[in-house]
Every structure is written in C-alpha cells, then in structure tokens.
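> kindly return the folded structure for what I paste below:
(one chain, ligands or ions: 1)
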Amino acid sequence: MKNNIHKNDFDYFPNPYGENDEILKLLNDVSRILCGWFSQAESLSPLPIESSFITSFPEESSCSKETLLSEINDLIYSSYNPSHPGSLANLDPPPLILSIVGELISGALNNNLLAQELSPSISRLEKEICEWLSMKIGFSKQSGGIAASGGTLSNLNALVTARHIAGVNYDPNASFIISEDAHSSFKKFTRILGIKGENLIEIETDINGCMNVDSLIDKLAICKKNGKKVFAVIATFGTTIRGAIDPIDEISRICKTHNIWLHVDGSIGGVFAIFRNKIKGIYQLKDVNSVTINPQKILGITKTSSVLLINNINHLKETFKTGLPYIYTPENSFNLGEFGIQGTRSAEIIKLWLGLRYLGLAGIEDILNSSIEKRVIFENFLDINKFKITTGPLHIISFIPKGYGQEKLEKWTFDVQKYLKKNNFMISRPVHKRKYLLRVVFGNFNTKKTDIKKLANLINNQ
Ligand SMILES: *Cc1c(COP(=O)(O)O)cnc(C)c1O
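This is a model prediction of the structure:
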C-alpha cells in the first residue's frame, strides 16, 4: 500500500508490513555525510567561515532525496564545529559517539516520558538511572530524580519544589538566596515564579568567586528581621565564569539550622562531584536537598541532557502531582509527567545511559581528569608576570592583562578574541563584575597539549 499523494523517494513513515531498506539507505547516506564532517573537523574551523545554508520551505510537491541530502550537507558545514580541537569557548563539548546513537534510538522509538504506558521501559530506565546517580552522591534511600531539557529547567524544578514544600507559594515575602556569581537563569525564575526582585537575595563572593559564608549568615538574620521567608539557598558547584565551588559543607550546616532547602546548581561541576573520586571526599553533597547535573556540558552527552537529583523523591511527587485523567495508570505505576514541569518529553535518558555505560567509570574519570589537566597545563604556560589569572578546581580558566582598566580591557579582549579566532581558537569573552575578560573552557577531549601550548603562546605574545 502506497499512501503518498506524490511520488516520493520513500514512504512517509516506516513500513510496518515488511522491509525498510529505503530508510536504511537514507540513514546510511546521512551517516556518511556526518562522518565526513567529523573526519574533516580539524581542517575546518570552530565556526564556519561562511555559511552556504539557506533556509528552504515546503513546496507543493515532495522534495527529492538528493535535494534533501544536499541541504543537510549545507546545514552541517555551516554549523558550529565542536569537534575542532580549538573549540574552547563554552560548555559545548564534541558529541559522545554512543550518545549520538542514543539520540537516533530515542527519535526512532518516539516514546513519551509523560506516562509509563507510553514509554514502559524508558520511564523505568530514567527512574533507575536517577536513583543510581542519587546513590552515588550518597543521598537517602528515598532519593531519585527527573531529567529535563537543560540545567535551567532542572534548577526551576528544584526551586518550584523548594517553595511548595516550604508552604510559601502565595506568600509575597517568599525569597531565595543565590551568590552574585550564580547563573543568570535565577533572575528569570523571579519572573516565572512571580517573586519580587528584592526577594532574590544575592550574597557577595570572595576573591576566589565562592559564596561568602559570613555574609550569608548576616543576610539570613536581616531576612528574618524583615519578615522575609527564605525558602531556598542555591549554592553553585562550578560557577559559569570562574568555575568556582561554593563552600557546600558550611552552607549546608547553616541551611539545616534555619530549616531552609539547599539546592546545589551543579550544572558544570555536578558530574565531577559524582564521578571524580579524587575530589569526591572534599565536597560532600549527600546532605543537600537537591542537585542539578548537566552531562551535556562536560561528558558530551548530546544536548540536551540534564538531571535534577533529589534527596527525597516524595517532594517532587507532592509538588507536581496533578493526576493525568487521560492516561491509564494502574496501581504501582508512575508517570514522570507528574514529577516535574515538563509534560511530553523525549527519551533523553537513553543517550545518557548508553554514554555512561560505554565509557564506564574509568572512561568518565578519564574525561574529567583530562579536562582539569588541560586547564593546569594552560595555566602553567600562561605568562604569570603579564596576566592576572582566575580559576577554580575545575576546567575553566579566565585571565586579563595586569594593570588594565575597564576601557583598555574592553578593547584588548575584543582584539585578542578576534585574533585567536583567525588562528582557529574559539574562546569566550564574558563580562564579570562589569569587566571584560577572556575565558577558556577545557571540556574538549580533542584538544592536545600542542594545541594548548600554541594557544598560550599566541596569548602571551599579545
Ligand atoms: C549552563 C548553566 C546553567 C543552565 O543550564 P542550561 O542547560 O543552559 O539551561 C545553570 N547553571 C550553571 C552554573 C550553568 O553553567
């Protein structure tokens, strides 16, 4: 049976009656273009020099396979190229091979994580992988988690839960605390949650970019005096610009005393906290209420891959349970659509599961350790007489020339970033406390020691 109105190269949907050789061929053709792009990654540049891609639109009749493949080719070669060894700007590593496979499987299965009956094995997979990650943190037996499309949503899941559990959903004094180096998404949350700007309380960071604990204690006392109801403190495990880690243990003790939810935004460092055995002992996360991790940012699980881990899964259930009247839900089953903000959700857990399973604990540690080693190598090559360097224990490093004022910095960082781009190094130019700086993120497994040395030399001579 041929359903198509026009003559196509293949059917609309996979053929449920017999062979699917045309799909197999199409997947092969696309895979060949992609693998060709991977193979050339180093000879291209991090960003395309010029874009050959032009947006095309549906026409009356079906588009031929040849045209589609040529447009796909243009799109690929006009894209950001994370596999280039000089792609060091942000938290966007090359794609892990097994997670590409996971993405394909997820698309092909087209299951829905909203409800268990629409994704029987994958709902269980997500629940159990989250439980496994929670146990690795050292969370309680009641722990678990939920995946979401990115760290912003994982953090929002945590904040909505913390406010609900504190019983201040409708309280105009409901407040939460972040450090001044916390991620910009927390400002969005005040608008989403209807929290006044003055009830987003910022704590100064110290010279290392970590939340100042004495200020936290002082601010909590002031909040109490002013009748503010602080429902959450957010500590950051790996700040976006400096890679700093807030003093989680001390903050956790303070939160316990005040009975306040402690959420750790580990969008950058959470994976290090869980898997890098050498530093695990130093940063205990087991006593916090919730942790966001973003495997998309360091392990190369393809975007998006983020998980909120929570010490007591019942808190998510209490917050998001609505009942799903259109879904058959027998006893002892669970619908992940009732554990977080998102409803329909793709099976992103497959690529995380396959990626982690393939790497194994040794492979994961290899990626994490090598990223830190690369930062250290770069730090050692940079001219310390010339540059003021800021870094934390992770893989992120920032620097500016010593003795430059605001205006001079703006121009210097702009010129150097442009110059490096010409030399096939893409690094970022964030603004921190109103000053421009240059930042390198060593999350690219393809970057070699020779590349790092070359980059440092180019910078030292500026
Ligand atoms: C990237 C980041 C986020 C947001 O994650 P997305 O996946 O971009 O939504 C939150 N917090 C920190 C510290 C981050 O670096």
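> all helices of the stretch 201-350 of the chain, in order?
Listed in chain order, the helices of the stretch 201-350 of the chain (DSSP state H, counting those that start in this stretch) span 213-225, 248-258, 270-275, 277-280, 295-298, 313-320, 349-381.
> need those in JSON lines (columns: mean neighbour count, mean pLDDT and distance to the ligand).
C-beta here means a position set from N, CA and C on the backbone, and glycine is covered the same way. Putting the helices of the stretch 201-350 of the chain into JSON lines (neighbours: other C-beta atoms under 10 Å; pLDDT from 0 to 100; distance: least, C-beta to the nearest ligand atom, whole Å) gives the following:
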{"stretch": "helix 213-225", "mean neighbour count": "15", "mean pLDDT": "98", "distance to the ligand": "18"}
{"stretch": "helix 248-258", "mean neighbour count": "17", "mean pLDDT": "97", "distance to the ligand": "14"}
{"stretch": "helix 270-275", "mean neighbour count": "25", "mean pLDDT": "93", "distance to the ligand": "9"}
{"stretch": "helix 277-280", "mean neighbour count": "14", "mean pLDDT": "60", "distance to the ligand": "17"}
{"stretch": "helix 295-298", "mean neighbour count": "27", "mean pLDDT": "97", "distance to the ligand": "6"}
{"stretch": "helix 313-320", "mean neighbour count": "18", "mean pLDDT": "98", "distance to the ligand": "19"}
{"stretch": "helix 349-381", "mean neighbour count": "19", "mean pLDDT": "97", "distance to the ligand": "14"}
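> would you turn the ones you listed into JSON lines with distance to residue 196?
Listed next are the helices of the stretch 201-350 of the chain as JSON lines, based on distance: least, C-beta to C-beta, whole Å:
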{"stretch": "helix 213-225", "distance to residue 196": "13"}
{"stretch": "helix 248-258", "distance to residue 196": "21"}
{"stretch": "helix 270-275", "distance to residue 196": "29"}
{"stretch": "helix 277-280", "distance to residue 196": "38"}
{"stretch": "helix 295-298", "distance to residue 196": "31"}
{"stretch": "helix 313-320", "distance to residue 196": "22"}
{"stretch": "helix 349-381", "distance to residue 196": "36"}
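> and residue 102, how many residues sit next to it?
Residue 102 is flanked by 25 other residues according to other C-beta atoms under 10 Å.
> please name the residues that touch it.
Under the criterion of C-beta atoms under 8 Å, 6 or more residues apart in numbering, the contact partners of residue 102 comprise 301, 302, 350, 351, 352, 353, 354, 355.
> re the thing from before, among the helices of the stretch 201-350 of the chain, which comes closest to residue 34?
Proximity to residue 34, assessed across the helices of the stretch 201-350 of the chain by C-beta to C-beta, is greatest for helix 349-381 (15.5 Å).
> please identify which pair of the contacts of residue 102 lies farthest apart.
The two members of the contacts of residue 102 with the most space between them (C-beta to C-beta) are 302 and 353, at 12.9 Å.
> in this structure, where is pLDDT below threshold?
Under the criterion of pLDDT under 70, the regions of the chain flagged as low confidence span 1-7, 277-283.
> taking it, what residue is nearest to the ligand?
Residue of the chain nearest the ligand, by C-beta to the nearest ligand atom: residue 151 (2.6 Å).
> for residue 389, see how far away the residue lying closest to that residue once chain neighbours are set aside is.
Nearest residue to residue 151, sequence neighbours excluded (C-beta to C-beta, 6 or more residues apart in numbering): residue 267, at 3.6 Å. Distance, residue 267 to residue 389, using C-beta to C-beta, to the nearest Å: 23 Å.
> the two: who's more crowded?
The residue with the greater number of neighbours, taking residue 267 and residue 389 and applying other C-beta under 10 Å, is residue 267; the counts read 28 against 15.
> how close does that one sit to residue 401?
Relative to residue 401, residue 267 is positioned 30 Å away (C-beta to C-beta).
> now residue 145
Relative to residue 401, residue 145 is positioned 43 Å away (C-beta to C-beta).
> residue 417 now?
Shown here: residue 417 relative to residue 401, a distance of 13 Å by C-beta to C-beta.
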